[in-house]
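> Next come a sequence and a model predicted from it.
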Amino acid sequence: MDQKLFLRKSRLKFFTLLFLLCFIPHLSAQNKTVQGTIISATDKEPVIGVSVVETGTTNGTITDIDGKYSLQVGSNATITISYIGFKTQNISVNNRSTIDVVLEENALLLNEVVAVGYRTERKADLTGAVSVVDVKDMMSASENNPMKALQGRIPGMQVTADGNPSGSATIKIRGVGTWNNTDPLYIIDGVASTSGMHELNSNDIESIQVLRDASSASIYGSRAANGVIIVTTKKGKKGALKVNFDAYVTASMYNNKIDVLSSKEYAQVLGQAYINSGENPNSNNLGIVYDLGTASDGRSTIKNVYFPEYLDKAKTMKPANTDWFDEITRTGVMQSYNLSISNGNEKGSSYFSLGYLDNNGLVKYTDFSRISARMNTDYKLLDGLITIGENFTLNRTTEVTQPYQIVEAALIAVPFIPVKTDDGSNWGGPITGLPDRQNPARLVYDNRDNSYRYWRALGNAYINVNPLKGLNVRSSFGLDYGNYYKRTLTYSYQDGYVTNTTNKSTMEQAHWTKWSWTNTATYDFQIGKNRVETLLGHEMFRQEDINMSASREDYITQNPDYMWPDAGTGTSEGTGKSDGYSLMSFFGKVNYAYDDKYLASVTLRRDGSSRFGKNNRWGTFPAFNLGWRLSQEKFMENYKDIFTDLKFRFGWGQNGNQEMNTMAIYRYYVTDYGKSDPTWNAVWGTAYDFSGTGSGLLASGIKRVQIENPDLKWETTTQTNWGFDFALLDNRLYGTLEYYIKNTKDILYSPGYSAIKGEGAAKWYNGASTENKGVEFSLGYRGKTSFGLEYDIAGNISTNKNKVTKVPDAVLNDFGGNGTYDNIIGRPYGSYYGYVADGIFKTQEELNQHPKQDGKNIGRIRYRDLNNDGVINEKDQTWLGDPYPDFSYGLNINLAYKNFDLVMYFQGIHNVDVVNQLKYVTDFWSVSDTRSNKGRRLLNAYDPVTNPDSNIPMITNSDSNNEARFSTYYLENGSFLKLRNVQLGYNIPSHILSKIKLSSLRTYVSAQNLFTIKSRSFNGVDPENPSWGYPIPMTFTFGLNLSF
């Protein structure tokens, strides 16, 4: 019995032991600990809050503030790594104890939350034409204005800028709709603005969204007709204290120098003008002596030229060979330094930054500097029931701008005039026989102290209350305050015979205040597959402007520290005015999604503006959107590996515009005493000398300056948009396609002064209409090669066709044409109207066969007789072109290999008509400023013997053929392709950084505007800047980014 019991117990122990042995692997797997660090591939920083889950279970954890995690899993388990904005990764443990992970950004980011107007929405739910800017790519361009860095990156958005140190730029979105202000609306942390983006520190920007169509922008109603750009600045993030420092230095140079005549070449062209005009070149009154010969055709030829020892009778100036471009330009240097400190936890976050930028421009003494400070904070109270916060920036900018058209002044300055007189006591200047043009070197030097100073405070304070799940109530007060001050000093001078004996100090000051109070409530909920997001809001806005100026003449000494108004002894003047308007708004929006497949959105906004009369004060702006995510349908499940995301969009909406004079609806009068001696020299003045003595205090009257129009109403833009978004092959191939029709009616417009209408006839009108149609397409491909090269190549192309569809009869003549049947209607706004140049006359037979044309002669421009009446006159003018390209395009290339990264960005426009202003002074001796210097193209001018094949008109002393008239001779193809930016960066390896206690360190070199490919038919310097704007430089930059 005992033996049987013993055997039974022995068997039980054996089988129990065998059973337990079978589970040893399982038990050991449950106790395996895997740990590691998760960092971002973008900045090599640890990522906080990353989800690490054992696949197929609820066993998981998240990373701490150092990006570290620890989790017990089976040795053969798989862990899933996921975080919003990054690609999800499934990694097999394979019995490893340490697994470090590098998270790669998910470029599609369908779950990314983006700002779209008073709230945020998932990117996957967007149904309007919204572009999300890659801020990292934008920052690769060392621009002090973030908007300039967007040139060509957003389809349908045109950014125009020259090379001025401040980086100011003009932006148009989807063509020209309105005629009085085409600037988009900027929303900076919820505060509305229409200008001054160059005052914003780019390093503080977290995200930028561009709302291009009316349906997405309609939530901003009356201010959104030109599109909306939403800028969100950085905030503190949960985790340990983080410090970032960024710095770069940039050198810029003028690589598109205009070729002008040297002193000897100038004398040769001057002499040739005399010869071609049948005159003796030695009859010039400049003292230049010509050694003449005789050509085979009997005409005189120039064998040599001689300048006098001294140019002036006082013998203060000897002939020189001055390169005036070199005298007014230099190598520009820009420096930028930025420091930011941020941190956060469950109870709040903070972000603080300081920035300094100084840009010494290409033109001597021009300069732009900016000091910026930003503080963004938020705090959660009562366990998250209430959140309070603020976003605030304070900027101080100063700038010395270039003297008016200084580039033109340098081009036409005569080269044989020296910069200074022989003894250095005075500036060189024109002598008798030369135009009274000022010394360019003196202009830039005397302008050196004429800087403005501008303080700008921009930001908001807000409170959020979350009383119920899904309900958020927010109240925000925003302020945009600007304080502008400038003192302009005008010095007495002597430039040759050009003198100014009066010095003057002018002081200008302005205060611009904009405030807004915005109250919104959002309620989001989901019932089954139905997801609803709602928004209701109310907003008040007020803008007040105060401007004043004062001046005083005659100062004993020309010391800037002395030239204040109370030190002057001469005439003083003062002016000032104030202006302002108010806006009241109510708005609402509902977004609906069913099963994340079918999307709809409805928006309504109603605005009331004090700028309009009581009958038209309020405007209503509706919009709606529809979307279909085809890729979410069940029948597409088997094609997910090909069609990752497909979405069709449709939108319709209306926006308004009220940008006009705040007094436009009124008739108003002003007093205008006049200047200098009002009796004998009053221009538009109303003062009158009743006594007839010509002196003393005079009586001042008033004059009308505007006719009232109380019936002015809102300008309205209606836009229809079709869109298609796609991502294929696991997001490797991606893009968007848009088509839009944008109609603007009741355009607000004030024509310029017309002698026919007379003084005081200014008036604002409604009634004009325009149409813009366009296609926008972007396409990109990203991937990684077998040897580790990562690449992302994206391009975009867009077209816009503009035409005027209606113009009130009262202002039809202001837009070219003959004002009747041949007018602007049906043509692009801003179209060019003039004569058709048809080469030049080269034979007497051509002259004889051509219709009557006053001044025609051999070597002169031939104009077409378009109406075939045998006479060339104003009736032969026609429409010649327009300032809009056939299409614009951009190409962005991002490459990364190990610790290196390379960015290249190309931008261009195709087939655009530009007016080459330079040809007025490079191709003619007598059309503009006769005897001023000209371009070297004149050396290749037509000559019947030495250069019979040239199409540059013959050099003569007079413009008898009226070749200054606008014609196709000045209209050229402004197509170009530019390498906007190329940057090579290197990230210092982490094992080196750990030794110096840094979390990241990146150095880079970059260059901008390295080359330009332009049309062969363009004869200017830069088709992007075909007139006298600030030169666009080529720049080279070295910089670093570090954090710890």
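The structure has been received and is ready for your questions.

> got any ranges where the stretch 751-900 of the chain has weak pLDDT?
Residue ranges of the stretch 751-900 of the chain with pLDDT under 70: 752-760, 819-820.

> the strands in it, which residues?
With DSSP state E, counting those that start in this stretch as the criterion, the stretch 751-900 of the chain has strands at 765-784, 789-806, 832-834, 837-840, 861-863, 878-881, 887-897, 900-910.

> Dump these into CSV; add mean neighbour count and distance to residue 988 as well.
Heads up, the C-betas are built off the backbone N, CA and C, glycines and all. Formatted as CSV, those follow (neighbours: other CB atoms under 10 Å; distance: least, CB to CB, whole Å):
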stretch, mean neighbour count, distance to residue 988
strand 765-784, 19, 22
strand 789-806, 18, 19
strand 832-834, 20, 55
strand 837-840, 17, 60
strand 861-863, 23, 63
strand 878-881, 18, 53
strand 887-897, 19, 15
strand 900-910, 20, 11
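
> Could you dump these into TSV with distance to residue 316 added?
Output for the strands of the stretch 751-900 of the chain, formatted as TSV (distance: least, CB to CB, whole Å):
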stretch	distance to residue 316
strand 765-784	57
strand 789-806	56
strand 832-834	45
strand 837-840	42
strand 861-863	41
strand 878-881	48
strand 887-897	53
strand 900-910	50
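
> Nearest to residue 1028, out of those?
Among these, strand 832-834 comes nearest to residue 1028, with 18.3 Å by CB to CB.

> list the helices and strands the closest one packs on?
Judged by 3 or more CB pairs under 8 Å, 6 or more residues apart in numbering; DSSP states H and E, strand 832-834 is in contact with strand 878-881.

> What strands flank the strand it packs on, and is each parallel or antiparallel?
strand 832-834 (antiparallel) (DSSP bridges).

> Tell me how many other residues crowd the closest residue to residue 72 other than its chain neighbours.
Distance criterion CB to CB, 6 or more residues apart in numbering; nearest residue to residue 72, sequence neighbours excluded, is residue 33 at 5.2 Å. The local packing of residue 33 (other CB atoms under 10 Å) involves 10 other residues.

> wait, isn't residue 300 in contact with residue 294?
Yes: between residue 300 and residue 294 there is a contact at 6.4 Å, judged by CB atoms under 8 Å.

> what about these two, which has more around it?
Legend: neighbour count by other CB under 10 Å for residue 300 and residue 294, higher for residue 300 (20 against 9).

> For this structure, just list every one of the helices.
2-22, 24-30, 135-139, 214-217, 263-276, 324-328, 406-412, 440-446, 678-681, 844-849, 919-922, 990-993 (DSSP state H).

> which secondary structure elements does the fourth one contact?
Yep, that's helix 214-217 we're talking about. With contacts defined as 3+ CB pairs under 8 Å, 6+ apart, the packing partners of helix 214-217 are strand 618-629, strand 643-657, strand 715-728.

> can you put those strands in CSV and add mean pLDDT?
Shown next, in CSV, are the helices and strands packed on helix 214-217 (pLDDT from 0 to 100):
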stretch, mean pLDDT
strand 618-629, 95
strand 643-657, 94
strand 715-728, 95
